[in-house]
Each structure stands twice: as C-alpha cells, then as structure tokens.
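Colleague: Here's a sequence, model it:
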Amino acid sequence: MHESTPSETDTARAVDLVVSFAATTSNLVEALDTVEQYAIRRNLDDGLRARLNLVIEELVTNAEKYGYRETPEPGIISIHLRPGPPVELVYEDAATPFDPVAWHEGWLAREHDAEAVGQRGIAMVLGLVPRVRYQALPQGNRLVMSFTT
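Modeller: Numbers count the residues shown, from 1 in each chain. This is a model prediction of the structure:
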C-alpha cells in the first residue's frame, strides 16, 4: 500500500490524505485504518467516520468483486480525503466503467423484491452521502462525495 503521508507546514490549514493500494481485502483493512486514524486526528465525529468507513469498504469491495474481476492482478484504488468543510472523499479506480449515480436513479425507478439481497450496496452508499458526483476517467472511474458533519 502506498500512502502519501500528510504533513502540516501551516497548522491552521487542513491537510489532505491520499492513500493508494491494490484492491485486496488485507489492503482494504489497512487503508480503512489509515483513514480512521486521519479522521480522528482531524476531529471528525464518530458518525461521519462510520459513514466514511462503510462507503470506502463498499466501493472497494465492489471494485474488487466486479470491476476488476477480469484482471489477473488486483487493480489499484486511490482514496483522497479532504477534511473540509464539507468533508470530501474522492474515490478512483481503473476498473470497468460504472456510473453508480445513473445506476441508482434507474434502480430507484424500478420495483424491488423486499427479500432480494443483491444490489443494495450502491443504494446504501448513495443514501449515506448527501452529494455524489461521478466522473468517467479515460481508464476508470472517479466518485467525488461531499459529507456534511
């Protein structure tokens, strides 16, 4: 895992966190710990930290399970956290293009079996984040998410 360690030259200025890692479960655990420690140092409240962890875990798990399923090696994930306000999480991968915002709009328009298990993760992510913007990258995806505290 590659982490760009935050360093403060001006204590009044917020410093961003950037973490890049191969999309594996063990790297995800390490990345979540790094994000958690950073969020604690930035005095982000418990509820926001929990939402950040859930969102990151779901996005990385989906990329590993679906976006990179046809690649022989784990793909790279990049997490960029800006302490705000508002707190901004930028998620990037080089996986198969997928616009979760457009998918979610279509998902909301359909009827769903209350007992159905699949396809709830992206709906959960978009329900936890007040503002989400998708950008297609030349080779991948970027989600820019703004959280209120």
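Colleague: where does this protein have low pLDDT?
Modeller: For the chain, the stretches with pLDDT under 70 are 1-14, 106-119.
Colleague: Swap in 50 and give it another go.
Modeller: Within the chain, the stretches with pLDDT under 50 are 4-13, 115, 117.
Colleague: mind listing the helices in it by residue range?
Modeller: 25-41, 46-62, 100-109, 121-128 (DSSP state H).
Colleague: what's the shortest one packed up against?
Modeller: Under the contact criterion of 3 or more C-beta pairs under 8 Å, 6 or more residues apart in numbering; DSSP states H and E, helix 121-128 touches helix 46-62, helix 100-109. C-beta coordinates here come from the backbone N, C-alpha and C atoms, glycine included.
Colleague: CA atoms only for the longest one - export them in PDB, please.
Modeller: Just to be clear, that refers to helix 46-62. Coordinates of each C-alpha in helix 46-62 appear next as PDB, following Å, rounded to 0.1, in the frame of the first residue of the first chain:
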ATOM      1  CA  ASP A  46     -17.900   9.200  15.100                       C
ATOM      2  CA  GLY A  47     -20.900   9.200  12.800                       C
ATOM      3  CA  LEU A  48     -19.000  10.700   9.900                       C
ATOM      4  CA  ARG A  49     -16.100   8.300  10.500                       C
ATOM      5  CA  ALA A  50     -18.500   5.400  10.400                       C
ATOM      6  CA  ARG A  51     -20.100   6.600   7.200                       C
ATOM      7  CA  LEU A  52     -16.600   7.100   5.600                       C
ATOM      8  CA  ASN A  53     -15.700   3.500   6.500                       C
ATOM      9  CA  LEU A  54     -18.900   2.000   5.200                       C
ATOM     10  CA  VAL A  55     -18.700   3.900   1.900                       C
ATOM     11  CA  ILE A  56     -15.000   3.100   1.300                       C
ATOM     12  CA  GLU A  57     -15.500  -0.600   2.200                       C
ATOM     13  CA  GLU A  58     -18.500  -1.000  -0.200                       C
ATOM     14  CA  LEU A  59     -16.800   0.800  -3.100                       C
ATOM     15  CA  VAL A  60     -13.500  -1.100  -2.800                       C
ATOM     16  CA  THR A  61     -15.300  -4.500  -2.300                       C
ATOM     17  CA  ASN A  62     -17.400  -3.800  -5.400                       C
END
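Colleague: That'll do, ta.
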